[in-house]
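Colleague: here is a sequence together with a model predicted from it:
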Amino acid sequence: MKRRNLLKGLAAASLLVAPVWRGWAATPARGSVSVEELQKNWKDFLAQGADVALTTEPLKRSNDEWKKILTPAQYDVLREEGTERAGSSPLNDEKRPGVFVCAGCGLPLFTSAMKFDSGTGWPSFFTAIPGAFATKKDSFLIYTRTEYHCVRCGGHHGHVFNDGPPPTGQRWCNNGVALRFIPKAGKA
């Protein structure tokens with residue numbers, strides 16, 4: 001079973017980097033707004049009255065509580081550090097203005113202005129809302145990667161790579177099932 005997971009991981013890793021190496025990744029449309037302005041003014045993308053967590057105070061729940069709150073797919077990714085199948089998330093095609101929040105606890109993580117099409121099959125972002133994530137090194141695959149988790153609930157979201165578009169050069173490759181999108185025009 002571990003060998004099968006390793007082989008799946010190696011296949012997924014090649015899908016993660018191949019499109020970017022080939023130049024398929026689109027440059028995000030940001031106009032003249034700087035990354036710092038996007039990070040500072042992220043609330044401009046938040047719908048009025050949106051149900052989000054505005055504190056990063058740690059949220060503690062037992063595994064049984066998480067299993068009651070999350071779908072099996074969300075539990076696998078957020079609590080067991082699983083990975084959803086590439087191309088399976090409807091959030092890959094999400095283009096409306098809004099905010100992407102943690103599916104586990106509602107903490108805002110990214111805005112739609114931070115998103116770009118990496119061609120990998122997972123929602124990708126070139127930066128994140130400051131203070132939303134904690135990182136750690138992940139050496140599960142043969143090479144070391146930077147894994148990131150929601151700072152509030154500890155949920156696993158994905159990995160950040162240094163092969164993204166300018167100006168950051170980062171690609172925050174996120175499991176769509178770990179996100180909930182709130183369009184600016186209304187609640188979701």
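Modeller: Looks like it came in fine. Model, not experiment: these values are computed from the prediction. Numbering: from 1, shown residues only.

Colleague: could you say which helix or strand holds the nearest residue to residue 63 once chain neighbours are set aside?
Modeller: Distances taken as Cβ to Cβ, 6 or more residues apart in numbering put residue 79 closest to residue 63, at 6.9 Å, once the chain neighbours are dropped. The way it works is simple: take the backbone N, C-alpha and C, and place the C-beta from them, glycine included. Per DSSP states H and E, residue 79 falls inside helix 72-80.

Colleague: return the distance of that helix from the chain's centre.
Modeller: Computed by Cα atoms, centre = their mean, to the nearest Å, the chain-centroid distance of helix 72-80 equals 14 Å.

Colleague: cool, and stretch 139-151?
Modeller: Relative to its chain's centre, stretch 139-151 lies at 13 Å (Cα atoms, centre = their mean).

Colleague: can you mark which positions in it are buried?
Modeller: Using 16 or more other Cβ atoms under 10 Å as the burial criterion, the residues of stretch 139-151 that qualify are 145-151.

Colleague: average pLDDT for it?
Modeller: Mean per-residue pLDDT for stretch 139-151: 84.

Colleague: compute the first-to-last residue distance for it.
Modeller: By Cα to Cα, to the nearest Å, the extent of stretch 139-151 from end to end equals 21 Å.

Colleague: can I get the buried residues of stretch 139-151 in TSV including distance to residue 52 and secondary structure?
Modeller: Shown next, in TSV, are the buried residues of stretch 139-151 (distance: Cβ to Cβ, whole Å; DSSP: H, G, I helix; E, B strand; the rest coil):
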residue	distance to residue 52	secondary structure
145	28	strand
146	25	strand
147	23	strand
148	19	strand
149	18	strand
150	12	strand
151	14	coil
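
Colleague: tell me which two in those are the farthest apart.
Modeller: Between any two of the buried residues of stretch 139-151, the greatest separation by Cβ to Cβ is 18.6 Å, found for 145 and 151.

Colleague: who's in contact with stretch 124-140?
Modeller: Among residues not part of stretch 124-140, those counted as contacts by Cβ atoms under 8 Å, 6 or more residues apart in numbering are 9, 25, 28, 35, 38-39, 42, 56, 100, 107-111, 114-118, 144-151, 154, 157, 159-160, 164-165, 167-168, 170-174.

Colleague: quick check: next helix or strand after the helix or strand of the chain with the lowest mean pLDDT?
Modeller: Every helix and strand in the chain was compared by mean pLDDT, DSSP states H and E; the lowest is helix 2-21, with a mean of 41. Sequence order places helix 35-40 as the next helix or strand after helix 2-21, per DSSP H and E.

Colleague: and the following helix or strand past that following helix, which residues are buried?
Modeller: Later in the chain than helix 35-40, the nearest helix or strand by DSSP H and E is helix 63-69. Neighbour-count burial for helix 63-69 flags residue 66 (criterion: 16+ other Cβ under 10 Å).

Colleague: swap in stretch 161-179?
Modeller: 161, 164-165, 168, 170-179.

Colleague: what's the answer for stretch 52-62, then?
Modeller: 52-53, 59, 61.
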